[in-house]
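Trainee: only geometry, no sequence info:
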């Protein structure tokens, strides 16, 4: 059975889709080549402790990667295909486990870990042979650590508590990614808030020995420790003990993965109990809007709170700027705190980038209702403003008031411009770059494939960031006037809010049917093909 | 086993005075019986090199059930999708109650109630919420609330007021789709496979509501594989295969003395099935 499943996986990998895998492969091989290059330069040019750092980061990607993308189901062979076979679930899961060793991730990690052999080379052939064993054992552990974390996350995502946990994990990862540099920057430039750009120069050549000891003691560093022990002739036990530990821990994790997968094979996915209205809700009366737009706003608010995929995004978008503010507050850079406001607008934009694809084939109702497309675009914008836009402006204003930061005006202006841009551009990009996944009616919990909107997120991120920065830059260029900052923020917001929805509605009129086809067939290429035909 | 035998069949209440074609004043809508409810002329739909619909023409008179039957892949759903404005045809014209779908789209869509098979709804709303949403989206006057109440009661969806659409069974989905299609009192209902994969009790409820709608002057155009339903209720039927109309007319004439099912197989042709020795 293992052979059949391995052949199936190889065939699936060969048949594609190839874009994402090719990108990961090329990027991963470049990074792995850098690690190997670093190991050839150690210890003469760079300290070999940096290889331990690189391998720890690499291992961290295996463990934390699945947590950073809790919506993304990376499995190539779907468990749904196998559930109907009269085979014991444990046996099936065990056979399936060997197919997990095939893929881009294991391949590029193998290349990266071969840096251990380079490190051990000065110790002679015996040391190199032990290093080869360390590479295999370390790879085994990393693969099963990553796979088990992913399976555990998928299991947790079937509960409402798990959804919150996944959102928190995502928020922590994002906050660390976007604000993790602040403590280092605050250390290098401690008086930047007062305009003093004097740099505190650290010594980077050698890592402190305790840091290397800690990294080598982590499971991600056991292979590194074994290779160095072999090179330095530290004795058979010092080299072989970490390898035995890696293999034992890897085997335990593999067993854990088999148990979780066997459980998933035995019972179909549970659904996280959706949040229900206590009583049938009344229509939301919104000032300055038509009944059509009010209806869409009510639908959007309910969907943001009840759809499991949107729920994860909503929670993470709310939590991330707060965690960023917390990280900044722990440093001496309190003057930077109001910038969490525009950052909140940026994160709000990134999570609202795929709403049309998440709503799926429900688009048919809008396409067959007179006047509904315009109301839908306006309603999505208004709901986004209520959930993300206004809170991000209020956050910037509150942190400005609390810190009296000289960047306060620029932060509030930036939050206004970023919120307006995000509010207007997110629905347009949701139409231009839909990440089509499982249709809304079949999507029960966030672990299911809801489409990977990374492309859209990477597109809207610089756009909204630019809008956030622009009012502050214009204000600074004009001599630091708060009024100029405020005026430029308002003018920019007005222009974006006026022009963009017109384009979005036009796009929906022209390509809405194509988008519906794409979502019915779960193929975003249909949209591109439809757009191509229309443009011709 | 019949619905009665299951002990679940219930009499479907009449839609009181608030039938789908009754205007707010209580008077019946003025129906122009000289204008076809749906008129499809030379409809062609290509998907790359595949010709799904080939110069198909239909004229559906108002005030009746009109059935479109055909084998899988015949072009039924493609035709109905184009009629609903969900797909731009490669060529041909479609008129809904006299309004050209291409040149007078909004007016044409306003005449239609649509129920498509296998598509999502705003899944995270309850039945009441989705009807309120639809009423708001169409800018309906206050009368929609009474109609929504009637539809929820008749279709037995009021028993699950806190259940979200995403949790609905297939039968419940068909019912809420029907309620949404009827809420704005359209002149024409377009239903794609309304009885596919649902239990006899749900089918009975839907059939009774549709009968009331047609009795009040509405037009129902539906595709179906349930020949029994088509034979019992439709006044006219079109048999479609390979994207073309093979035969069209009153059901009795099309059936030509046989059952509609027998005539259908005769027209479309059944694949010969050789005996499978290993099944013996």
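Mentor: Alright, I've got the coordinates. It should be emphasised that the depicted structure is a prediction, and the values quoted were computed from it without experimental measurement.
Trainee: contacting residues for the closest residue to chain B within the stretch 151-300 of chain A?
Mentor: When scored by CB to the nearest CB, the stretch 151-300 of chain A has residue A:295 as its residue closest to chain B, at 2.6 Å. For glycine as for every other residue, the C-beta is placed from the backbone atoms N, C-alpha and C. Residue A:295 sits next to A:283, A:375, A:379, B:132, B:133, B:134, B:135, B:136, B:137 when contact means CB atoms under 8 Å, 6 or more residues apart in numbering or on different chains.
Trainee: Which residue, other than its chain neighbours, is closest to the second one?
Mentor: Leaving out its chain neighbours, the residue that sits closest to residue A:375 by CB to CB, 6 or more residues apart in numbering or on different chains is residue A:292, at 3.5 Å.
Trainee: Just to be sure, that neighbour is in a helix?
Mentor: Yes. Per DSSP: H, G, I helix; E, B strand; the rest coil, residue A:292 lies within a helix segment.
Trainee: Residue B:139 is in contact with that one, correct?
Mentor: Yes. Shown here, residue A:292 and residue B:139 form a contact pair, counting by CB atoms under 8 Å, at 5.8 Å.
Trainee: Can you give me the neighbour number for residue A:31?
Mentor: Look at residue A:31: counted by other CB atoms under 10 Å in any protein chain shown, it has 16 neighbours.
Trainee: can you map out the helices along the stretch 251-400 of chain A?
Mentor: A:291-306, A:308-329, A:340-351, A:355-359, A:363-367, A:372-384, A:390-403 (DSSP state H, counting those that start in this stretch).
Trainee: Is there any residue in the helix or strand just after the last one that contacts chain B?
Mentor: The first helix or strand that comes after helix A:390-403 along the chain, using DSSP states H and E, is helix A:408-432. No. With CB under 8 Å from any CB of the partner chain as the measure, helix A:408-432 is seen stopping short of chain B, the closest distance being 15.8 Å.
Trainee: So for helix A:408-432, mean pLDDT?
Mentor: Here helix A:408-432 scores 96 as its mean pLDDT.
Trainee: For the residue of the stretch 101-250 of chain B found nearest chain A, give its distance to residue A:450.
Mentor: As assessed by CB to the nearest CB, chain A sits closest to residue B:136 within the stretch 101-250 of chain B, at 2.6 Å. Residue B:136 sits 27 Å away from residue A:450, taking CB to CB, to the nearest Å as the criterion.
Trainee: quick one on the thing from earlier: what about the helices of the stretch 251-400 of chain A, which gets the closest to residue B:148?
Mentor: helix A:291-306 (13.4 Å; CB to CB).
Trainee: Show me which residues of the closest one are buried.
Mentor: A:291-304, A:306 (16 or more other CB atoms under 10 Å in any protein chain shown).
Trainee: How about stretch A:494-508?
Mentor: In stretch A:494-508, counting by 16+ other CB under 10 Å, buried: A:496, A:500, A:501, A:503, A:504, A:505, A:507, A:508.
Trainee: if we can go back for a sec, residues in contact with the residue of the stretch 101-250 of chain B closest to chain A?
Mentor: Counting by CB under 8 Å, 6+ apart, residue B:136 has contacts A:283, A:291, A:292, A:294, A:295, A:296, A:298.
Trainee: Start and end of stretch A:475-482, how far apart?
Mentor: 7 Å (CA to CA, to the nearest Å).
Trainee: can you give me the helices for chain B?
Mentor: Taking DSSP state H as the test, the helices found in chain B are B:76-83, B:105-110, B:127-138, B:144-154, B:170-182, B:200-215, B:227-233, B:251-255, B:260-268.
Trainee: do you know which of the ones you listed lies nearest residue B:120?
Mentor: Minimum separation from residue B:120 across these (CB to CB) falls at helix B:170-182, 9.5 Å.
Trainee: Just name the shakiest helix or strand of chain A by mean pLDDT.
Mentor: The weakest-scoring helix or strand in chain A, judged by mean pLDDT, DSSP states H and E, is helix A:525-535 (a mean of 52).
Trainee: mind checking the backbone torsions on residue B:270?
Mentor: Backbone torsions for residue B:270, taken as degrees, to the nearest 10, come to phi -90, psi 140.
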